[in-house]
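> Let me see the structure of the following:
(one chain, ligands or ions: 2)
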Amino acid sequence: MIFAVTEIVVVHYPGERAENWVLLRKAARARAVRLVSWAPHLLGFWCADGQQSVSYAGKTARPGIVIHRTVAPFRGIVVPALARLAAEGSRVLNDPEAAFRSRDKLLTTTDLARAGVPVVPTLAFDEPDGVNLAALGQAELILKPARGVRGEGVAAFRSAAALSAACQRRGPRPEVSGYCAEREHYLAQPLVAGGGQDIRAYVVDRSCVALMRRVAKPGEVRANLALGATASPLALDHPAAAVAVAALTACRLDFGGVDMVEDGDGVIRVLEVDAWAGFAGITRVTGTDVAGVLLDFATAPDEGRAAVPDEGRAAVPEGEDAAG
Ligand SMILES: Nc1ncnc2c1ncn2[C@@H]1O[C@H](COP(=O)(O)OP(=O)(O)OP(=O)(O)O)[C@@H](O)[C@H]1O
Ligand SMILES: [Mg+2]
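Numbering: from 1, shown residues only. Ligands and ions are numbered 1, 2, ... in the order given. Purely as a prediction, here's the structure:
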């Protein structure tokens with residue numbers, strides 16, 4: 001009896017945040033799904049009059065299904081390459097442009113606000129002198145890099161003056177000619193409910209599949225598990241579930257993680273949406289097989305979208321085969 005094996009190309013580095021990859025491989029084994037790893041730095045793009053195509057490791061590629069993770073440093077090649085594959089009929093989960101956009105908390109906050117999803121009042125700047133921090137009120141404030149992860153560079157301050165004093169002044173762009181790497185920009189927000197706890201959701205295909213409350217270790221305002229927070233599952237009928245689903249929709253994403261805080265009036269406000277959020281922690285805490293749900297979504301017939309005709313799909317150049 002021959003089982004049709006569905007193949008999914010995963011553009012990523014297996015060793016990065018490997019606990020998520022281990023879960024994906026386990027879920028793939030249980031579903032006769034073959035995962036093929038493509039290293040982001042081996043993606044290529046050909047463009048000439050009337051011609052455009054994507055290559056992997058030097059070979060033209062047109063995979064059926066593509067998932068991407070750990071590709072944040074490779075925007076320049078990943079976005080056009082995956083957008084091209086999608087245009088050619090590959091099923092690319094999480095539009096790459098939307099995924100990179102969600103990595104920037106300022107862009108996410110503007111998208112959420114535009115969609116009417118509750119956000120935390122936010123001041124964004126290159127340097128704090130660019131804004132009036134007093135607009136955030138007298139309460140404690142939190143400062144974060146717009147594209148930070150895992151709580152890195154996130155710090156709380158008793159006052160606007162203390163926050164401003166802590167910010168490095170980089171001044172105008174140094175007089176260097178030619179290429180200049182992008183500078184990070186920053187967000188300042190009121191520290192909602194004194195910080196130290198939040199709600200993390202994982203959403204797949206417009207449904208919240210896992211939800212947990214995270215509580216930071218004493219003296220810490222950041223409730224990231226990576227920073228020693230503890231967590232407990234929340235029922236999926238908790239109001240935060242619907243807010244998380246609305247947030248993914250506002251960010252045009254198929255799946256991802258959502259961080260939220262509950263303010264003093266009980267309003268659930270979104271801190272960030274992350275297309276590349278890890279799911280190992282929430283899987284452990286809630287027992288939900290997030291990786292399995294993700295693969296079921298990836299391999300589900302895609303209403304309204306013609307399947308990629310076999311003859312149209314070039315054989316998938318071998319990446320690192322992680323046979324289920
Ligand atoms: N305005 C705020 N009010 C209260 N707590 C906050 C606020 N902003 C951030 N936090 C806390 O700090 C943590 C880290 O902040 P945030 O999620 O914005 O940054 P991050 O570095 O992107 O984290 P991640 O690892 O989720 O990508 C949050 O999970 C939350 O516990
Ligand atoms: Mg976060």
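> how distant is the helix or strand hosting residue 164 from the center of its chain?
Take DSSP states H and E as the rule and residue 164 turns out to sit in helix 160-166. Distance of helix 160-166 from the chain centroid (CA atoms, centre = their mean, to the nearest Å) equals 29 Å.
> helices or strands up against the helix or strand just after that helix?
With elements assigned by DSSP H and E, the helix or strand that comes after helix 160-166 is strand 186-190. Other helices and strands packing on strand 186-190, by 3 or more CB pairs under 8 Å, 6 or more residues apart in numbering; DSSP states H and E, are helix 105-114, strand 123-125, strand 141-145. In short, each C-beta sits where N, CA and C put it, glycine included.
> packing partners for the longest one?
When you say that, I think you mean helix 105-114. Helix 105-114 packs on helix 96-102, strand 186-190, helix 239-250, strand 268-274, going by 3+ CB pairs under 8 Å, 6+ apart.
> so how far is the next helix or strand after the shortest one from its chain's centroid?
Right, strand 186-190. Downstream of strand 186-190, the next assigned helix or strand under DSSP H and E is strand 197-204. Using CA atoms, centre = their mean, the mean C-alpha position of strand 197-204 is found 12 Å from that of the whole chain.
> Does strand 197-204 reach ligand 1?
Yes: counting by CB under 6 Å from any ligand atom, ligand 1 has neighbours in strand 197-204: residue 198.
> now the angle between helix 239-250 and that strand, please.
Strand 197-204 and helix 239-250 are oriented at 50 degrees to each other (axes from the mean of the first three to the mean of the last three CA atoms, to 10 degrees).
> Near ligand 1, which residues of the stretch 1-150 of the chain are found?
For the stretch 1-150 of the chain, the residues in contact with ligand 1 (CB under 6 Å from any ligand atom) are 120, 142, 144, 148, 149, 150.
> what do you get if the cut-off is 8 Å, keeping everything else the same?
Contact residues, the stretch 1-150 of the chain versus ligand 1 (CB under 8 Å from any ligand atom): 105, 120, 142, 144, 145, 148, 149, 150.
> ok, which pair from the residues you listed is furthest apart?
120 and 150 (18.8 Å; CB to CB).
> the more surrounded of the two?
Higher neighbour count among residue 120 and residue 150: residue 120, with 21 against 13, using other CB atoms under 10 Å.
> pLDDT at that one, what is it?
Here the pLDDT value assigned to residue 120 is 97.
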